[in-house]
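A.B. asks: Build the 3D model from these lines:
(one chain, ligands or ions: 1)
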Amino acid sequence: FEQNSALSERAQSFLSRDVHHHVIDGQRVPAASGRTLTTVNPSTGEALAQLAAGDEADVHRAVEAARRAFKGHWSTWTPYQRQALLVRIAHLLDERFEELIQIEAMDMGAPVSRLRTTKPALLKMLSFFGSQAANIAGETLMNGIPGTVATMTLKAPVGVIGGIIPWNGPLNGQFWIIGAVLASGCTAVLKPSEEASLSVLRVAEILQEAGVPDGVLNVVTGLGKEAGHALAAHPDVDRIAFTGSTQTGRSIIQASAVNIKKLQLELGGKSADIVCADADLDKAVPGAAMGVFANSGQICFAGTRVLVQRSVVDEFTERLLAFTDTLRVGRSLDDASTLGPVISRPQLDKVLSYIDIGRADGAELLCGGQRVEGELGKGYFVQPSVFGGVTNEMRIGREEIFGPVLSILPFDDVDEAIAIANDSEYGLGGAVWSQNLSTALRVVHGVHTGTMWVNCYGYIDPMVGFGGTKLSGYGAKGSSAHMDTYLYTKSVYLQL
Ligand code: NAD
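C.D. replies: Residues are numbered from 1 along each chain as shown. Below is the predicted model of the structure:
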């Protein structure tokens with residue numbers, strides 16, 4: 001790692017391991033098959049790490065460990081002890097965040113400058129789950145003849161959770177599962193993406209330092225169709241929390257039918273970001289641009305369809321192009337980079353092919369559109385790209401690209417904007433930029449999507465949460481409803 005002089009000693013020592021094994025029952029365990037997978041640093045295109053290539057046998061071993069832990073000493077922990085554990089974890093992550101973001105940056109390509117800004121969100125999430133731990137409440141009803149009968153409901157942890165994680169932000173994303181597992185008293189087997197597993201493996205070790213008992217959180221790495229499928233299909237896994245593509249979500253629904261697992265599914269999106277003529281363009285331009293370009297477009301709720309009212313489309317476009325020009329594409333460990341590479345060679349090819357499709361379908365490429373050459377030429381860098389004159393009939397206006405490609409779709413009135421926004425099979429995010437509150441609320445009510453932002457983009461408060469509708473999935477992420485995946489309700493009838 002000579003070229004990465006900025007790497008901390010801890011990150012360097014972790015990344016130098018010959019093989020990154022599974023974490024099962026508190027131990028680093030090689031794959032039963034002995035096979036490994038090579039992961040690549042997307043900034044350089046060079047091999048980064050060897051991961052254990054987990055399969056059914058490894059998943060089974062991890063599920064057994066999680067089940068033992070669920071029935072064992074962990075089941076005697078009080079909610080306050082679990083809350084205190086979450087507080088300790090927050091302190092440790094706060095201290096070790098720089099090491100973790102360096103590992104994440106090398107593994108999935110997001111610039112450290114961006115990852116650094118995500119620390120408050122992570123700490124907020126842990127604080128939220130800490131509060132959930134101590135607020136697991138049922139109800140009491142006195143509906144019978146007074147003094148003779150009482151009924152109550154209890155909330156109990158469901159058991160073993162299978163957590164399947166995508167590559168586009170595993171460091172923070174895993175805590176939607178880990179936080180809820182620890183708050184509820186469940187245990188889990190996590191299966192991170194084969195493209196970016198390292199921050200999940202490192203976090204598992206840090207959690208042990210914080211005092212998470214062995215077997216409560218296990219990590220099995222490997223391919224989705226092997227380890228991921230085995231987890232979704234395992235008869236002793238009670239529920240699955242999955243974040244990833246809609247296509248994989250469908251496979252998981254089928255595999256999990258074996259024991260009727262309840263699922264929390266956070267899937268893909270094609271969100272519409274609606275800029276009205278009365279928007280404050282000083283805010284709307286950077287807001288809409290970073291609603292797509294942040295994380296190089298690899299965000300599920302990226303506002304990739306930017307709908308702009310026709311009377312301001314020229315001014316908006318000119319200012320958007322000027323803003324895009326200020327973005328600095330570069331390697332993830334370079335502090336000056338604001339835009340990193342996309343995750344892999346197949347993803348690079350996919351993004352570039354969508355740019356060709358956009359051109360062929362008649363959209364006007366206004367900037368970018370190429371792989372970055374020169375000294376970044378070995379990494380998977382795509383220039384931030386803007387298309388004008390896009391319509392919802394074009395594939396770039398309908399399909400999830402998951403790259404730094406922004407489409408501008410002009411509209412005449414707000415009703416038309418709402419209709420365009422709703423003409424999508426997805427329903428994840430969306431925004432409206434307007435200085436008129438009644439216009440903004442009309443759009444908020446009109447757009448059929450799980451989350452709407454007004455005059456901002458991408459802000460998430462775990463108390464409120466976010467989730468999808470239509471092909472973007474179901475099951476809340478955040479809010480007290482999040483815990484529904486991890487708890488079941490038991491009705492108790494008391495004869496007094
Ligand atoms: P993906 O669906 O390819 O993979 C996600 C995870 O599922 C990985 O761990 C993978 O190994 C596993 N997997 C793949 N096939 C599987 C199978 N047959 N059975 C079980 N597990 C399997 O998604 P990705 O490419 O890692 O991530 C990008 C996608 O995730 C995009 O569509 C994006 O919109 C979506 N995403 C959604 C959210 C959200 O909150 N809605 C957040 C982030 C990403």
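
A.B. asks: Please make it C-alpha for all contacts and neighbour counts, starting now.
C.D. replies: Noted.

A.B. asks: hey, where'd the strands end up in the stretch 1-150 of the chain?
C.D. replies: Applying DSSP state E, counting those that start in this stretch to the stretch 1-150 of the chain gives strands spanning 22-24, 27-29, 36-41, 46-52, 140-141, 149-157.

A.B. asks: I'd like those strands laid out as TSV, including mean neighbour count, distance to Ile460 and mean pLDDT.
C.D. replies: Converted to TSV, the strands of the stretch 1-150 of the chain look like this (neighbours: other Cα atoms under 10 Å; distance: least, Cα to Cα, whole Å; pLDDT from 0 to 100):
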stretch	mean neighbour count	distance to Ile460	mean pLDDT
strand 22-24	26	30	98
strand 27-29	15	34	98
strand 36-41	20	29	98
strand 46-52	20	32	98
strand 140-141	12	33	91
strand 149-157	16	26	95
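
A.B. asks: Dump these into CSV; add distance to Ser197 as well.
C.D. replies: Shown next, in CSV, are the strands of the stretch 1-150 of the chain (distance: least, Cα to Cα, whole Å):
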stretch, distance to Ser197
strand 22-24, 10
strand 27-29, 14
strand 36-41, 9
strand 46-52, 8
strand 140-141, 44
strand 149-157, 27
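
A.B. asks: In three-state terms, label the closest residue to Ala196 other than its chain neighbours for me.
C.D. replies: Of all residues not flanking Ala196 in the chain, Trp167 sits nearest, at 5.1 Å (Cα to Cα, 6 or more residues apart in numbering). For Trp167, the secondary structure call by DSSP: H, G, I helix; E, B strand; the rest coil comes out as coil.

A.B. asks: What does the most centrally placed residue in the chain show for phi and psi?
C.D. replies: For the chain, Gly173 is the residue whose C-alpha lies nearest the centre (Cα atoms, centre = their mean; 4.6 Å). Backbone geometry at Gly173, expressed as degrees, to the nearest 10, gives phi -60, psi -40.

A.B. asks: Report the separation between it and Asp282.
C.D. replies: Note on Gly173: its distance to Asp282, by Cα to Cα, to the nearest Å, is 30 Å.

A.B. asks: you'd agree Leu352 is up against Gly369?
C.D. replies: Yes: counting by Cα atoms under 8 Å, Leu352 touches Gly369, with 7.2 Å between them.

A.B. asks: List the residues that are in contact with both of those two.
C.D. replies: Common contact partners of Leu352 and Gly369 (Cα atoms under 8 Å, 6 or more residues apart in numbering): Val382.

A.B. asks: how many neighbours does the residue lying closest to the residue nearest to the centre of the chain once chain neighbours are set aside have?
C.D. replies: Of all residues not flanking Gly173 in the chain, Ile165 sits nearest, at 7.4 Å (Cα to Cα, 6+ apart). Other residues lying near Ile165 total 26 when counted by other Cα atoms under 10 Å.

A.B. asks: Could you report the pLDDT at Ile165?
C.D. replies: You'll see Ile165 listed with a pLDDT of 98.

A.B. asks: now swap in Leu487 and tell me
C.D. replies: Per-residue confidence (pLDDT) for Leu487: 98.

A.B. asks: can you count the residues close to it?
C.D. replies: For Leu487, the count of nearby residues is 21 (other Cα under 10 Å).

A.B. asks: And for Thr148?
C.D. replies: The number of residues packed near Thr148 is 11, by other Cα under 10 Å.

A.B. asks: Tell me the spacing between it and Gly467.
C.D. replies: Distance from Thr148 to Gly467, by Cα to Cα: 43 Å.

A.B. asks: cool, Gly430 as well?
C.D. replies: For Gly430, the distance to Gly467 - Cα to Cα - is 12 Å.

A.B. asks: Around the ligand, pick out the residues from this structure.
C.D. replies: 164-167, 191-194, 223-225, 228-229, 232, 243-245, 248, 251-252, 266-269, 299-300 (Cα under 6 Å from any ligand atom).

A.B. asks: Filter these down to just the ones in helices.
C.D. replies: Secondary structure defined by DSSP state H assigns 229, 232, 248, 251-252 of the residues of the chain next to the ligand to helices.

A.B. asks: Return a ChimeraX selection command for the buried portion of these.
C.D. replies: Entered in ChimeraX, the line below selects the buried ones among those, by 16 or more other Cα atoms under 10 Å:
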select :229,232,248,252
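
A.B. asks: Looking at the ones in helices among the residues of the chain next to the ligand, which is nearest Met152?
C.D. replies: Ala232 (32.8 Å; Cα to Cα).

A.B. asks: Report the contact partners of that closest one.
C.D. replies: 162, 240, 252, 255-256.

A.B. asks: export the residues you listed to a markdown table and tack on pLDDT and secondary structure?
C.D. replies: Shown next, in a markdown table, are those (pLDDT from 0 to 100; DSSP: H, G, I helix; E, B strand; the rest coil):
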| residue | pLDDT | secondary structure |
| --- | --- | --- |
| Gly162 | 98 | strand |
| Ile240 | 98 | strand |
| Ile252 | 98 | helix |
| Ala255 | 98 | helix |
| Ser256 | 98 | helix |
